[in-house]
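Peer 1: What follows is a protein structure lacking sequence information:
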């Protein structure tokens, strides 16, 4: 049914469950998943201040997705990781709307609970503005 899925993830528990659902959706068709992780300005600044090199920063960002990548490798599903920069909601929306995705899958909450209370959740922003069907996983 699904040939191409966009999975937005941040390494949270909800993102892991979203990854499991994306795998279940794509497995029957042996399709492809684009895995997106968005680095915002505050995270980027913190990474630079706490790391000694660009390579170390990139490695720490990849580590946040390691559990999800392990799931994809174990399942044999094809995937590609995209590390993007910007505010999570609009950046995911822009990336998703430029691609031809059968579905966008993301967790209902991420690693930043304060942001969801103050600014509105990323999942809500994505669901409102992405042109593809969106599946939000609790």
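Peer 2: Structure received. Here the structure is a predicted model, which means the values were calculated and not measured. Numbering: from 1, shown residues only.
Peer 1: what number of residues lie near residue 87?
Peer 2: 15 (other C-beta atoms under 10 Å). C-beta coordinates here come from the backbone N, C-alpha and C atoms, glycine included.
Peer 1: gap between it and residue 96?
Peer 2: 14 Å (C-beta to C-beta, to the nearest Å).
Peer 1: Kindly report the same for residue 70.
Peer 2: 24 Å.
Peer 1: Between those two, tell me which one has more neighbours.
Peer 2: Using other C-beta under 10 Å as the criterion, residue 70 and residue 96 rank with residue 96 on top: 23 against 11.
Peer 1: Quick check: the more buried one touching residue 103?
Peer 2: No. The pair residue 96 / residue 103 is not scored as a contact, 9.8 Å apart, by C-beta atoms under 8 Å.
Peer 1: hey, what's in contact with both of these two?
Peer 2: Common neighbours of residue 96 and residue 103, using C-beta atoms under 8 Å, 6 or more residues apart in numbering, are 6, 132.
Peer 1: Past the helix or strand of the chain at the bottom of the mean pLDDT ranking, which element shows up next along the chain?
Peer 2: Of all helical and strand segments in the chain, the minimum by mean pLDDT, DSSP states H and E falls on helix 113-118, at a mean of 47. The first helix or strand that comes after helix 113-118 along the chain, using DSSP states H and E, is helix 122-129.
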